[in-house]
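For reference, the sequence and a predicted model appear below.
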Amino acid sequence: MIVKVKGPSQHRCDKAPDTRKALPQLIKRGDVVRDDPTNNVPDAIFSKLGMQLLHRRDQNPIGIVKNAIYDYFDANYSNKFDKFDDLCPIVSTKENFDDVLVPLDHVSRSYNDTYYIDSQTVLRCHTTANQAELLRRGHTHFLVTGDVYRRDSIDSTHYPVFHQMEGVSVFFPGDWETFGLDGTSYAAEDLKKCLEGLAQHLFGNVEMRWIDTYFPFTNPSFELEMYFQEKWLEVLGCGVTEQEILKKSGKTGNVAWAFGLGLEWLAMVLFGIPDIRLFWSTGAVHLSILKGPAWGQVQAIFKVSSSLQGHEFLD
Ligand code: DAH
């Protein structure tokens, strides 16, 4: 079924009721949906673009998780991390892929996987797309939260729009030399300590394990898993940033770590939200958050009086 999207032909990005600051951009339909063979953005995606800003709503489970992560970084790093949650999701293929070393034949570059506005412009498929630009602008510690877009088919855990948070921390020779370590070992150790602390902040005293993996932008690369409600769950991906990314961004001689996590996924686990489509339900969905003394006791109750309809994205 093709969903016909009614409503305004442009979306102001500053309409969300409880945002902390207004978004600058105004995304018009013609900016993303075009009658052009290189364009594969359907109206259903435009209707989500920059409009709902779930990650900027303090009462939304996605906003709640974002703020809890902010709290962790503010408390443990004395407000050292700059926070960005209003960067435009329209980026160049250079930012989304080339700057972060995604190989030319990587599946994520295909029209099947990513929404292309034209051959050189996409809807970011990960917040990693914002890394290089922020490094170039001189930021050394930052968190980027935003909506990301992938041409996934929809089911209870996949939706073509979701939210990620990216974290980056840059180190200088003095940081690792003091400890008699090489830069990569120092950054990997610091990264693991930081993210284990974050997982504990969110989930309480859970068992965790590190899995070696591959990402184009980091080496070594890891996934953090935690044992929660009798299952091993993937929490995030991370690693030590490839030197080439740093060098191209004017950070020669530095070492950095980076991580990326999915906010819906964390919110679903934390709040027991059974279906990712609930985040986008416009029907009579009511969420009450019951805050207990610790994060482990936070629960969300969804009262769904409409079915999960209207979530097909066909193009
Ligand atoms: N961009 C990755 C994704 O969307 C997540 C990620 C993994 C980000 C490792 C990172 C990283 O910065 O170091 O799946």
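Received the coordinates, thanks.

quick one: the residue of the stretch 201-315 of the chain found nearest the ligand from Asp35, how far?
Going by C-beta to the nearest ligand atom, the ligand is nearest to Gly260 of the stretch 201-315 of the chain, at 2.5 Å. In this view, the C-beta of every residue, glycine as well, is placed from N, C-alpha and C. Distance, Gly260 to Asp35, by C-beta to C-beta, to the nearest Å: 34 Å.

Figure out the helix or strand that Ser156 lives in.
Per DSSP states H and E: Ser156 is located in neither a helix nor a strand.

again with Leu236
strand 231-241.

Next, the buried residues of that strand.
Neighbour counts over strand 231-241 (16 or more other C-beta atoms under 10 Å) mark 235-241 as buried.

Check for me that Ile27 belongs to a helix.
No. Ile27 sits outside any helix when classified using DSSP: H, G, I helix; E, B strand; the rest coil, being strand.

That one: neighbour count?
Counted with other C-beta atoms under 10 Å, the neighbours of Ile27 add up to 19.

hey, what's it bridged with?
Legend: beta-bridge partners of Ile27 under DSSP bridges are His11.

pretty sure it is touching Leu49, no?
Yes. Using C-beta atoms under 8 Å, Ile27 is in contact with Leu49, at 5.4 Å.

so how far is Tyr149 from Ala114?
Let me fix one detail, which is that residue 114 is Thr and not Ala. 8 Å.

do the same with Ser110
14 Å.

what do you get for Pro89?
Applying C-beta to C-beta to Pro89 and Tyr149 gives a distance of 7 Å.

Identify the contacts common to the two.
Applying C-beta atoms under 8 Å, 6 or more residues apart in numbering, one finds that Pro89 and Tyr149 are jointly contacted by 123-124.

How about the contacts made by the residue in the stretch 1-150 of the chain positioned nearest to the ligand?
In the stretch 1-150 of the chain, the residue that lies nearest the ligand is His126 (3.5 Å; C-beta to the nearest ligand atom). Counting by C-beta under 8 Å, 6+ apart, His126 touches 96, 148, 164, 166, 260.

And the buried ones among these, selectable in PyMOL?
Paste this into PyMOL to select the buried members of the contacts of His126, with burial taken from 16+ other C-beta under 10 Å:
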select buried, resi 96+148+164+166+260
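
got the contacts of His126 as TSV, with secondary structure and pLDDT columns?
TSV is the format used below for those (DSSP: H, G, I helix; E, B strand; the rest coil; pLDDT from 0 to 100):
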residue	secondary structure	pLDDT
Asn96	helix	98
Val148	strand	97
Gln164	strand	98
Glu166	strand	98
Gly260	strand	98
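
measure the nearest residue to Leu224 once chain neighbours are set aside to Trp257 for me?
Counting by C-beta to C-beta, 6 or more residues apart in numbering, Leu224 lies nearest to Val235, which is 4.6 Å off, once chain neighbours are set aside. For Val235, the distance to Trp257 equals 15 Å [C-beta to C-beta].

got it, and Met268?
Taking C-beta to C-beta, one finds Met268 at 26 Å from Trp257.

Of those two, which one has the most company?
Under the criterion of other C-beta under 10 Å, the comparison of Met268 against Trp257 puts Trp257 first, with 25 against 21.

wait, isn't that one in contact with Gly237?
No. Using C-beta under 8 Å, Trp257 makes no contact with Gly237, being 11.7 Å away.

Up against the ligand, what does the stretch 51-200 of the chain have?
The stretch 51-200 of the chain has residues 126, 128, 166 near the ligand, with proximity defined as C-beta under 6 Å from any ligand atom.

Let's verify the second one: helix, strand, or coil?
When states are read from three-state DSSP, the local structure at Thr128 comes out as helix.

all strands of this protein, in order?
10-12, 26-28, 82-84, 90-92, 116-118, 121-123, 141-149, 161-171, 207-215, 218-228, 231-241, 255-262, 285-290, 299-304 (DSSP state E).

What's the local residue count around Asp275?
16.

Give me the phi and psi for it.
Backbone dihedrals for Asp275, given as degrees, to the nearest 10, come out at phi -150, psi 130.

Who's the closest spatial neighbour of it, skipping the chain neighbours?
Ser156 (4.5 Å).

what sits against the one you found?
Ser156 neighbours (C-beta under 8 Å, 6+ apart): 274-277.

Lowest pLDDT pick from the residues you listed?
Here the lowest pLDDT out of the contacts of Ser156 sits on Pro274, with 83.

Report how many residues lie close to it.
Pro274: 12 neighbours (other C-beta under 10 Å).

how long is stretch 46-55 end to end?
Using C-alpha to C-alpha, to the nearest Å, the end-to-end distance of stretch 46-55 comes out at 17 Å.

All set now, cheers.
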